[in-house]
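**Student:** Predicted model and sequence follow; I will ask about them next.
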Amino acid sequence: MIKFRVTLLFLIISHLCFAQFITVRGTHSSQLLNDNLFDSDISTAYGVESYLSKSIDFIPLPINYNIGIDYKRNAGMQEILLVTGLTYVTLTPTGFSAANAESVTYTTSNWLNYADINMYNGLQISDSIMHYKMAGEICYNVGYVFGKSFFIHSGFGGRYNFLPANKGTELQSTSLDLILKFGILWKFKKKYNA
């Protein structure tokens, strides 16, 4: 029931914000560095992220802004983070209605390729203790279109995490994770006529 409510909330917000895309993906993290020391862990955390994306009209490049939420479960701890960032679209499928003139492509393809730079701010919760957490992520994404508005897509990238409350203690305050993502992207019907 909670998943349904969150999805419904995102659909309502997306229409209010005139969003171009909504993305929902499962995530998997593999830790590479722990406090700047090599400390590999194949399965650090798993979770789900969802965000809305809309083109930035006053920039003459195929760039979208992103806003959403990220939930992650990590060794008994949970994280709820706000996602904000930018997307640079490198390839759009044939017949794909562009958000602006700069996004129009003339290649014959069923693929959508784009890069994300996102910031994450929120809470890490363990038992009854909550700490502020922030992270930065660079991710490259590849999607395959089914119809004109539904994509199956995946992504991979790196995320640098920082937990200020643990700085100067024996607990982990920084980490670098390899992130793998898989899910869906839904494009809304709003069109731009070039």
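**Tutor:** Sure, I can see it. Predicted, not measured: the structure shown is a model, and the values here were computed from it.

**Student:** which of the residues in stretch 162-179 are buried?
**Tutor:** Within stretch 162-179, the residues scored as buried using 16 or more other Cβ atoms under 10 Å are 163, 166, 173-175, 177-179. (C-beta placed from N, C-alpha, C; glycine too.)

**Student:** Out of those residues, which is nearest to Glu137?
**Tutor:** Ile179 (6.6 Å; Cβ to Cβ).

**Student:** who does Trp186 bridge with?
**Tutor:** Trp186 forms beta bridges with Ile22, Phe150, as assigned by DSSP bridges.

**Student:** how close does it sit to Glu49?
**Tutor:** Distance from Trp186 to Glu49, counting by Cβ to Cβ, to the nearest Å: 14 Å.

**Student:** Which of these two has more residues huddled nearby?
**Tutor:** More crowded of Trp186 and Glu49, by other Cβ atoms under 10 Å: Glu49, with 23 against 15.

**Student:** Need phi/psi at that one.
**Tutor:** Per-residue torsions, Glu49: phi -130, psi 150 (degrees, to the nearest 10).

**Student:** for the one 10 residues further on, same thing?
**Tutor:** Recorded main-chain torsions at Ile59 are phi -100, psi 120, according to degrees, to the nearest 10.

**Student:** quick one: the strands in the protein?
**Tutor:** For the chain, the strands defined by DSSP state E cover 21-34, 37-55, 63-74, 77-91, 111-126, 129-146, 150-162, 174-187.

**Student:** Need the per-residue pLDDT for Gly6.
**Tutor:** That one is not Gly; residue 6 is Val. For Val6, the pLDDT comes out at 64.

**Student:** TSV for the buried residues of stretch 162-179, including pLDDT and distance to His131?
**Tutor:** Shown next, in TSV, are the buried residues of stretch 162-179 (pLDDT from 0 to 100; distance: Cβ to Cβ, whole Å):
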residue	pLDDT	distance to His131
Leu163	91	6
Asn166	84	7
Ser173	84	10
Thr174	90	13
Ser175	90	14
Asp177	93	17
Leu178	95	23
Ile179	95	21
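
**Student:** closest to Gly143 among those?
**Tutor:** In terms of Cβ to Cβ, no member of the buried residues of stretch 162-179 lies closer to Gly143 than Ile179, at 16.3 Å.

**Student:** Mean pLDDT lowest where, among the strands of the chain?
**Tutor:** Note on the strands of the chain: lowest mean pLDDT is at strand 37-55, with a mean of 86.

**Student:** Direction included, what does that strand pair against?
**Tutor:** Here, using DSSP bridges, strand 37-55 pairs with strand 21-34 (antiparallel), strand 63-74 (antiparallel).

**Student:** I'd like those as TSV, with distance to Ile138 and mean neighbour count appended.
**Tutor:** Converted to TSV, these look like this (distance: least, Cβ to Cβ, whole Å; neighbours: other Cβ atoms under 10 Å):
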stretch	distance to Ile138	mean neighbour count
strand 21-34	14	19
strand 63-74	13	19
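
**Student:** picking that back up, would a markdown table of the buried residues of stretch 162-179 with distance to Arg73 be doable?
**Tutor:** Output for the buried residues of stretch 162-179, formatted as a markdown table (distance: Cβ to Cβ, whole Å):
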| residue | distance to Arg73 |
| --- | --- |
| Leu163 | 16 |
| Asn166 | 19 |
| Ser173 | 20 |
| Thr174 | 20 |
| Ser175 | 15 |
| Asp177 | 14 |
| Leu178 | 17 |
| Ile179 | 14 |
